[in-house]
Structure formats: structure tokens, C-alpha cells
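S.K.: Below are the sequence and a predicted model for it; my questions follow.
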Amino acid sequence: MKSFPRIPNITGWAAPKSLIADECIQSKEEGRDPAAVDKIRSRLDALDASEYEHIAALWYEFQEIPVRKDFPFVEPGDLKSIRDERGDGPRRMPLSLTDDALLDRMHGAWLGRCVGCALGKPVERFMGSHESLSSKERIKTYLTAISRDEYPLKNYIPADSPASEKTGSVGCPPSTREKIAFMETDDDIRYTVLVQIVMARRGADFTTSDVAHTWLEFLGYQQVCTAETQAYRNLVLRYPRMSQEQIDWDWVAIHQNPYREWIGAQIRADSWGYAAPGNPELAADFAWRDARMSHVKNGIYGEMFCAAMIAAGFATTDPLQVIEAGLAEVPKRSRLYKDMRDTINICRGHGNSASKFEVVFDEIYKLLGHYNPVHTNNNAALVVSALLLGGDDFEKAVGIAVMGGWDTDCNGATVGSIWGAMYGAAKVPQKWTAPLNDTLYSFIPDYHPIAISECARRSLEIARKIM
């Protein structure tokens with residue numbers, strides 16, 4: 001059992017009681033004895049919100065509860081053990097692209113990520129249920145109240161709807177249909193930029209410490225969320241100077257971090273995949289070095305899965321092959337692996353038909369709706385379903401990813417990135433790319449503003465050096 005230095009203050013993304021309540025959920029999902037968890041939860045409920053030290057002490061008690069013996073999953077954290085738990089897979093895939101063709105794929109991936117992110121941003125705030133409507137139902141209700149032609153999605157989200165009182169209003173005005181003129185800053189895009197900076201500076205030999213230094217140099221504390229907030233806080237709390245002393249990355253990722261299997265690492269996957277086209281194993285290796293700073297288990301696997309899919313996308317246009325290449329880098333006895341297999345079977349059961357997307361959503365929500373709306377596994381399932389149902393149609397793929405609800409901008413961005421890597425910029429419809437005016441704002445120096453095409457050119461430079 002790992003011991004944790006006892007640091008009494010408990011701060012970060014959420015208020016102390018809320019943070020520990022989320023730890024109750026996380027502990028159960030990780031396989032800790034539910035009865036033991038519930039006993040601690042009852043004590044939490046009895047505490048006043050101002051009793052910080054007593055609340056913080058409960059967190060350590062959760063960590064002392066062992067994983068129950070009948071827990072059916074094996075979910076290691078170190079890279080060697082993860083690889084030992086993998087199945088067979090295409091560790092490296094044939095890639096025969098000219099520089100011009102590879103640049104087009106890189107450009108397609110960046111454009112797809114920006115388009116998908118911008119499409120999902122206004123309805124990201126719909127991720128929870130509201131007025132008895134689920135996330136996906138809120139999106140459908142909002143759009144169909146405008147016009148029946150608005151659903152399925154065929155364009156960026158309008159800023160207003162007659163259903164706003166029922167669904168809630170949309171956010172992110174610069175990404176709404178009426179105002180969109182560039183890719184506005186967003187965490188899904190900032191991490192893609194930051195990873196590119198890491199790779200440009202350090203190349204394939206970068207370390208987790210290099211990633212951490214880049215965060216501290218370029219990211220303000222207010223620009224990170226959930227698991228990243230806790231990891232950022234833990235770094236500066238225990239390692240304020242980021243000196244050469246050995247950093248306990250397990251502690252940084254786990255300490256008072258109930259969000260350690262949420263989607264935050266998965267959205268950081270893209271530039272690792274861009275750096276290793278045709279080499280999903282290497283992309284997953286890169287992603288592991290990044291994810292371990294803030295996540296564990298399925299949180300790590302989600303980033304490895306997506307990075308490997310992106311790398312595979314440069315070598316094939318078969319969405320199932322892309323997904324299989326991603327799953328080949330994930331432990332076969334993990335929850336993520338099982339959930340993705342179940343999702344593939346759901347889609348297959350409906351002929352991978354885009355016209356069946358709502359039925360597929362219903363089955364995914366039934367299967368994985370118990371997860372938080374920003375958990376890795378349920379959102380990864382929407383990514384897989386969008387790739388399988390959307391096929392070679394960009395609009396259908398990113399539209400399905402966003403209409404599925406939950407973390408809409410993350411899922412739209414990931415699907416757009418994979419699709420763009422598979423097909424290239426030339427095949428992403430101008431209808432979607434023209435409104436962005438080849439412009440990205442990231443709030444990161446040298447990338448604010450920057451041409452999206454320039455980001456792609458830099459990705460090509462990095463990939464050629466690594467290849």
C-alpha cells in the first residue's frame with residue numbers, strides 16, 4: 001500500500017466536501033470495497049464544510065481501502081506493466097507518404113481538431129442533465145426548436161433557440177454560428193500546442209518533467225481544470241522549484257485528485273500522435289509520459305488510446321483498424337478496453353449506420369451513463385461510435401461526436417483530429433474550415449494568433465525528425 005505525505009490543506013478544483021464526495025465515487029470505480037467507502041462517506045456528510053483538516057483526513061482513509069478481491073479488472077500504471085497487459089497489435093504500420101501528402105494529413109488533423117472543438121464548445125455546458133433532459137436530449141431539443149433542419153448537425157451551433165429556457169443557453173459566443181471567425185482559445189487546443197512545444201524543444205527523449213516545466217512556463221493556474229488543477233497544485237505545493245530531486249509522479253497524480261480517471265489526459269493526446277505517424281506504439285509511449293503526471297489507470301489509457309489512434313490514422317482510412325490499433329496499446333483487462341469492445345459491438349449491431357446514431361447513443365448511455373459526464377470511458381465510447389458511424393463523411397463523424405453530448409468539445413475535437421489524419425485537409429469540407437479563417441488563438445506565446453496551417457507545418461517538422 002502506497003503511503004502519502006500528510007498535507008492537511010485541501011484545495012484546488014472544488015470545495016473540500018465536494019472533492020471528497022467525488023473521491024467516494026472514484027474509489028468505488030477503482031474497485032475499493034463499497035461498504036467501506038460508504039462508511040467514510042457517512043462521516044463526510046456529518047462534517048461541517050469548515051472542518052478542513054477532518055475532511056482532508058478522510059481522503060487518506062480512502063487510499064487505505066484495498067481493491068476488493070473480486071474486482072475483475074487489472075489496471076497497472078507503469079509502462080512496462082501496461083505493455084505486458086496488451087494484446088497483439090500493429091505496433092508500427094506501413095507509411096508511404098510524400099512530405100506534401102503528410103503535410104496535408106497534418107493540416108487535416110489540426111483543422112479537424114479545431115472544427116470539432118469549435119462545434120462542440122457552445123453546448124459543452126449541456127453535459128449534465130437539466131429539466132429531466134439528458135445531455136444529448138438537451139442538444140437535440142435546443143436545435144430542433146430552431147428548425148427540424150438543424151438536427152442532425154449540419155453547421156455550427158446557433159447562439160439562440162426558442163428552447164433555451166428548457167435546455168439552458170449555450171456558451172462560448174466566439175464559436176457560435178453567428179460570430180465564428182477563428183478557433184478561440186480552449187484547453188483542448190492549448191494542450192495540443194503545449195505538446196508541440198515539448199516535442200520541438202526536447203524531441204522523442206522528453207520526460208514527464210519536461211512536460212511539467214512546460215505547463216508551469218505557459219499555463220496559468222486558471223487555465224487548467226479538474227485533474228490538471230490538482231496535479232498543478234500538487235507540483236507547486238511539494239516541488240515549488242521543480243528542482244532536480246526525484247519527483248514522485250504517482251503522488252502528483254493521485255494526491256487529493258478524485259478526477260484522475262477523467263478526460264483531461266485524453267484531450268492532450270493529439271500532438272503525440274502527430275509526432276509518430278504510422279507508429280501507434282511510440283505515440284502511446286509519448287502519451288503515457290504525459291498522462292502519468294495527472295492521471296492513473298483508465299485516465300492514462302484514454303490518452304494512450306487516442307494518441308495511438310491518431311498515429312494509426314496516418315496509415316489507414318479504415319476506422320475499425322484505427323480503433324483496433326488504439327486498443328492494442330491498452331491493457332486488455334481494463335475497464336476502458338471492455339467498454340470500447342462493448343461500444344464496437346453496439347455499433348456493429350446497428351450495421352455501423354449513421355442513421356442509427358440515436359439508438360447507438362441510447363445504448364451507450366445505458367451502458368456507461370453511470371460515469372461522470374467528463375470521465376474518460378464514456379466519452380471515449382462516443383468517439384469510437386462517431387468514427388464507426390461517420391465513416392468517410394467528416395460532417396457526420398464530428399456531428400455525431402457532438403450530438404452524443406457529455407464533453408462535446410473534447411469529443412468533437414478528438415474525432416475531427418483522427419478523421420483529418422486519415423483523410424487530410426483537402427477532404428475536410430470548406431463549409432467547416434472557411435469560417436475559421438486559418439486562425440488559432442491559444443493565449444500561448446508564439447501561438448496567439450497563429451495560422452492553423454503553420455501549426456501543421458511545425459508538426460510535420462517534428463514528425464520528420466522523429467521518423
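M.R.: Sure, I can see it. Residues are numbered from 1 along each chain as shown.
S.K.: the bottom helix or strand of this structure by mean pLDDT?
M.R.: Ranked by mean pLDDT, DSSP states H and E, the weakest helix or strand in the chain is helix 52-63, scoring a mean of 90.
S.K.: Report the separation between residue 174 and residue 445.
M.R.: Remark: distance between residue 174 and residue 445 (CB to CB, to the nearest Å) = 20 Å. Just so you know, the C-beta spots here come from the backbone N, C-alpha and C atoms, and that holds for glycine as well.
S.K.: higher neighbour count, these two?
M.R.: residue 174 (15 against 9; other CB atoms under 10 Å).
S.K.: Would you check how far apart the more buried one and residue 122 are?
M.R.: Distance, residue 174 to residue 122, using CB to CB: 10 Å.
S.K.: do the same with residue 367
M.R.: Applying CB to CB to residue 367 and residue 122 gives a distance of 27 Å.
S.K.: ditto for residue 214
M.R.: As for residue 214, its distance to residue 122 is 29 Å (criterion: CB to CB).
S.K.: same check, this time on residue 29
M.R.: 30 Å.
S.K.: More neighbours: which of the two?
M.R.: Using other CB under 10 Å as the criterion, residue 29 and residue 122 rank with residue 122 on top: 27 against 18.
S.K.: Tell me the secondary structure at the more buried one.
M.R.: When classified by DSSP: H, G, I helix; E, B strand; the rest coil, residue 122 comes out as helix.
S.K.: pretty sure it contacts residue 159?
M.R.: Yes. If you go by CB atoms under 8 Å, residue 122 and residue 159 touch, sitting 7.5 Å apart.
S.K.: what sits in contact with each of these two?
M.R.: Residues within reach of residue 122 and of residue 159 at once, by CB atoms under 8 Å, 6 or more residues apart in numbering, are 170, 173, 176.
S.K.: Listing request: residues of the protein with sub-threshold pLDDT.
M.R.: For the chain, the stretches with pLDDT under 70 are 1-10, 243-245.
S.K.: Got the domain ranges for it?
M.R.: Domain assignment for the chain, taken from automatic domain parsing, gives 1-71, 79-121+184-466.
S.K.: For residue 304, give me its contacts.
M.R.: Counting by CB under 8 Å, 6+ apart, residue 304 touches 82, 269, 284, 287, 288, 291, 326, 329, 330.
S.K.: Which one (most neighbours) among those?
M.R.: Counting by other CB under 10 Å, top hit in the contacts of residue 304: residue 284 with 35 neighbours.
S.K.: show me what contacts that one?
M.R.: Contacts of residue 284 by CB under 8 Å, 6+ apart are 304, 305, 307, 308, 329.
S.K.: what about it, distance to residue 301?
M.R.: Taking CB to CB, one finds residue 284 at 9 Å from residue 301.
S.K.: For stretch 57-76, what is the spacing between the initial and final residues?
M.R.: With CA to CA, to the nearest Å as the measure, the ends of stretch 57-76 fall 26 Å from one another.
S.K.: That one: which residues count as buried?
M.R.: Neighbour counts using 16 or more other CB atoms under 10 Å place 57, 58, 59, 61, 62, 63, 65, 73, 75, 76 of stretch 57-76 among the buried residues.
S.K.: if I read this right, the last one contacts residue 86, doesn't it?
M.R.: To tie it back to what came earlier, the one meant is residue 76. No. Proximity of residue 76 to residue 86 does not meet the contact threshold set by CB under 8 Å, at 10.8 Å.
S.K.: Now do the shared contacts for these two.
M.R.: Joint contacts of residue 76 and residue 86 (CB under 8 Å, 6+ apart) are residue 331.
S.K.: following the helix or strand containing residue 361, which helix or strand comes up?
M.R.: In the assignment (DSSP states H and E), residue 361 maps to helix 357-368. Sequence-wise, the next helix or strand downstream of helix 357-368 (DSSP H and E) is helix 376-390.
S.K.: Check which helices and strands that next one is in contact with.
M.R.: Applying 3 or more CB pairs under 8 Å, 6 or more residues apart in numbering; DSSP states H and E, one finds that helix 376-390 contacts helix 297-313, helix 319-327, helix 335-349, helix 357-368, helix 394-403, helix 408-423.
S.K.: Would you pull up how far the last one lies from the middle of the chain?
M.R.: On the basis of CA atoms, centre = their mean, to the nearest Å, the separation between the geometric centre of helix 408-423 and that of its chain is 11 Å.
S.K.: Any chance you could list what contacts the next helix or strand after it?
M.R.: Note on helix 408-423: by DSSP H and E, the next helix or strand toward the C-terminus is helix 430-433. Residues from elsewhere that reach helix 430-433 (CB under 8 Å, 6+ apart): 111, 115, 119, 155, 394, 395, 398, 425.
S.K.: gap between helix 430-433 and the chain center?
M.R.: The chain centre lies 24 Å from the centre of helix 430-433; the measure is CA atoms, centre = their mean.
S.K.: same question, stretch 358-368
M.R.: 19 Å.
S.K.: contacts for it?
M.R.: Contacts of stretch 358-368 (CB under 8 Å, 6+ apart): 134, 136, 339, 342-343, 346-347, 350, 377-378, 381-382, 385, 389, 403-405.
S.K.: again, 10 Å this time
M.R.: Contacts to stretch 358-368, defined as CB atoms under 10 Å, 6 or more residues apart in numbering, come from residues 134-137, 140, 151-152, 335, 339, 342-343, 345-347, 349-350, 352-354, 356, 369, 375, 377-382, 384-386, 388-389, 400, 403-406.
S.K.: Pull out the buried residues from it.
M.R.: 360, 361, 363, 364, 365, 367, 368.
S.K.: Also stretch 131-145?
M.R.: Within stretch 131-145, the residues scored as buried using 16+ other CB under 10 Å are 133, 134, 135, 136, 137, 138, 139, 140, 141, 142, 143, 145.
S.K.: Can you lay out those as TSV showing distance to residue 239 and secondary structure?
M.R.: Below are the buried residues of stretch 131-145 laid out as TSV (distance: CB to CB, whole Å; DSSP: H, G, I helix; E, B strand; the rest coil):
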residue	distance to residue 239	secondary structure
133	44	strand
134	41	coil
135	37	helix
136	41	helix
137	45	helix
138	41	helix
139	42	helix
140	46	helix
141	47	helix
142	45	helix
143	47	helix
145	51	helix
